[in-house]
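[1] Here is my input, please return the structure:
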Amino acid sequence: MNLRWVVLKILDTIEFEGIFVHEAIERFTVEQDLSKQDRAFIKKVVFGTIEQQIRIDYVINQFSKIKVDQMKPAIRLTLRLSVYQLLYMENIPDSAVCNEAVKLIKKRKMHRLTGFVNGVLRALIRQKDTIIWPSKEDFLTYLSVKYSFKPEIVQLLLNDYDDEVVENFLSVSNEQAPLTIRVQKTNTSKKALVEALTAEGLTVSEGKYLDEAMHLEHIDKISLIDAFQKGHFLVQDESSMMVADAGYEEGMTCIIDLCAAPGGKTIHFADKLEGKGQVVAFDISEKKLDRIRENYTRLGLKNINETINDASVLNQDYICMGDLVVADLPCSGLGIIRKKPDIKWHITIERIEALKKLQQDMLMVGKNYVKPGGVLIYSTCTVTKAENQDNVAWFLEENEDFVLEPIQKSYSDSETGMVTMMPISNGPDGFFIAKFRKKCENVK
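    This is a model prediction of the structure:
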């Protein structure tokens, strides 16, 4: 099997069908008899090519008379995946990259363009050390090209944070995220899980903030791990775990999750309830709810009740029912780019503004499900102040019956009482959490 042909088909599907990276990789590899090394190669080249697209295009444009945006799609994608290998995969001989690129063009029956592709790549190989990169004096362009982010998103971040914070965010966002799991404490102990995983030849290390968080290495297919099949752990980022860690309180019996799929937070809350009480999982379609069912069935949980419900539409049946309402809402996703690099290309300033309005609409609906004295948790997997701190200020101004309650955890901001987590190398994704308390009715 020609692995680069598979990569080209995946990149083609992502660009022209607009589907996400994981979905595209799954489509073209799930039924293939691929070795662990083959799957790793395909994933690395696909993720890397998408993640570094602006930087790669910048390089191609220096060595090609025809600019990237004027090329035929097959040529553009072939050059991108080839340049990624030349710049980032030192273990692959340069000659092999060129030869394989020519094979791809021939397979696309574009024989007349093989010389062009070969010429661009060989020019890059000869002059790799002479690439002219943007000067740091033009800081916006410098960051955009070096870390391969759209200038408008870089500028948005520079408006919100100091230069050093932004550059570190961009750098870490291009790293590989750790594979993080959460021990399912209703099914096993952390000690027993570590022993079981180690016995299967996996490397286990501690999370950064939470005791139940662990990192795994040396995994091929996670579904084949015995402890996974037994429901002893769930794949979940540590920042996502912080929602239950910050929101759950002893004595809670009804927790409502407004946008629950794929169910990581829902299941975490159900685990904390230890079989007592119930978590109500809302989402907008059966397809999304199926993902939750698949996870909680494997874990053997019985205290989750899933129901189709649009978080932006009030459901009269649940008014004032929740001890805790979880509003983990749709967002720009900038905090999880390490796992979904195509977010870089899908997100726009206009999209962020639209999401901010949607978040506000959902918060105004979700607040109605909170009991007097209960808690509303607002969280996103992004780092823009428009979607996070600005929404908190707006919500408090619009709702005098709620107060911002400080989250007193090691990972929270002691000044604001909120959690603003930038992605951390070999640590949690970028995330935001705010905790609101609904005033009791007899309090003026």
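
[2] From the centroid of this protein, which residue is nearest?
    By Cα atoms, centre = their mean, the chain has its centre lying nearest to residue 336, at 3.1 Å.

[3] Next one: it, what pLDDT does it get?
    On pLDDT, residue 336 comes in at 97.

[4] can you pull the contacts of it?
    Counting by Cβ atoms under 8 Å, 6 or more residues apart in numbering, residue 336 touches 177, 237, 343, 381, 423, 429, 430. (Each C-beta comes from the backbone N, C-alpha and C, glycine too.)

[5] how about stretch 366-381 as PDB, C-alpha atoms only?
    Extracted in PDB, the C-alpha atoms of stretch 366-381 (Å, rounded to 0.1, in the frame of the first residue of the first chain):
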ATOM      1  CA  GLY A 366     -29.600  27.100  31.100                       C
ATOM      2  CA  LYS A 367     -29.800  29.400  34.200                       C
ATOM      3  CA  ASN A 368     -33.500  28.500  34.400                       C
ATOM      4  CA  TYR A 369     -32.700  24.900  35.300                       C
ATOM      5  CA  VAL A 370     -30.700  25.900  38.400                       C
ATOM      6  CA  LYS A 371     -32.300  25.500  41.800                       C
ATOM      7  CA  PRO A 372     -32.100  28.400  44.300                       C
ATOM      8  CA  GLY A 373     -28.800  28.000  46.000                       C
ATOM      9  CA  GLY A 374     -27.600  25.800  43.100                       C
ATOM     10  CA  VAL A 375     -24.600  26.100  40.800                       C
ATOM     11  CA  LEU A 376     -24.200  27.000  37.100                       C
ATOM     12  CA  ILE A 377     -20.800  26.100  35.600                       C
ATOM     13  CA  TYR A 378     -19.800  27.900  32.400                       C
ATOM     14  CA  SER A 379     -16.900  26.300  30.500                       C
ATOM     15  CA  THR A 380     -15.300  26.400  27.100                       C
ATOM     16  CA  CYS A 381     -12.200  24.800  25.500                       C
END
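
[6] Tell me how many other residues surround the nearest residue to residue 225 once chain neighbours are set aside.
    Distances taken as Cβ to Cβ, 6 or more residues apart in numbering put residue 200 closest to residue 225, at 6.2 Å, once the chain neighbours are dropped. Residue 200 has 13 neighbours, counted by other Cβ atoms under 10 Å.

[7] same check, this time on residue 5
    Look at residue 5: counted by other Cβ under 10 Å, it has 15 neighbours.

[8] Give the helix, strand or coil label for residue 250.
    coil (DSSP: H, G, I helix; E, B strand; the rest coil).

[9] where does it fall, phi/psi-wise?
    phi -60, psi 140 (degrees, to the nearest 10).

[10] Would you check that my belief about residue 42 contacting residue 6 is correct?
    Yes: between residue 42 and residue 6 there is a contact at 5.7 Å, judged by Cβ atoms under 8 Å.

[11] Between the two, which contacts overlap?
    Residues touching both residue 42 and residue 6 (Cβ under 8 Å, 6+ apart): residue 29.

[12] what's the most distant pair in the contacts of residue 336?
    The span of the contacts of residue 336, defined through Cβ to Cβ, is set by 237 and 343 at 14.6 Å.

[13] out of those two, which sits in the busier spot?
    Neighbour totals were compared for residue 237 and residue 343, and residue 237 leads with 27 against 22 (other Cβ under 10 Å).

[14] ok, the more buried one to residue 435 distance?
    19 Å (Cβ to Cβ, to the nearest Å).

[15] likewise residue 296?
    As defined by Cβ to Cβ, residue 296 lies at a distance of 25 Å from residue 435.

[16] Same check on residue 253?
    Residue 253 is 19 Å from residue 435, where distance means Cβ to Cβ.

[17] Could you do residue 39 as well?
    With Cβ to Cβ as the criterion, residue 39 and residue 435 are 41 Å apart.

[18] If you count surrounding residues, which of the two has more?
    For residue 39 versus residue 435, the count of surrounding residues by other Cβ under 10 Å is larger for residue 435: 24 against 16.

[19] does the more buried one have beta-bridge partners, and which?
    residue 377 (DSSP bridges).

[20] again with residue 305
    residue 280.

[21] Surely it is in contact with residue 281?
    Yes: Residue 305 is within contact range of residue 281, at 7.0 Å (criterion: Cβ under 8 Å).

[22] between the two, who's got more neighbours?
    A direct count of neighbours by other Cβ under 10 Å for residue 305 and residue 281 places residue 281 higher, at 29 against 12.

[23] How about that one: what's its closest non-neighbour residue?
    Spatially, and ignoring its direct neighbours in sequence, residue 281 is nearest to residue 260 (3.7 Å; Cβ to Cβ, 6+ apart).

[24] ok, of the contacts of residue 336, which one's closest to residue 317?
    Nearest member of the contacts of residue 336 to residue 317, counting by Cβ to Cβ, is residue 381, at 28.7 Å.

[25] contacting residues for that closest one?
    Contacts of residue 381 (Cβ under 8 Å, 6+ apart): 239, 240, 331, 333, 335, 336, 429, 430, 431, 432.
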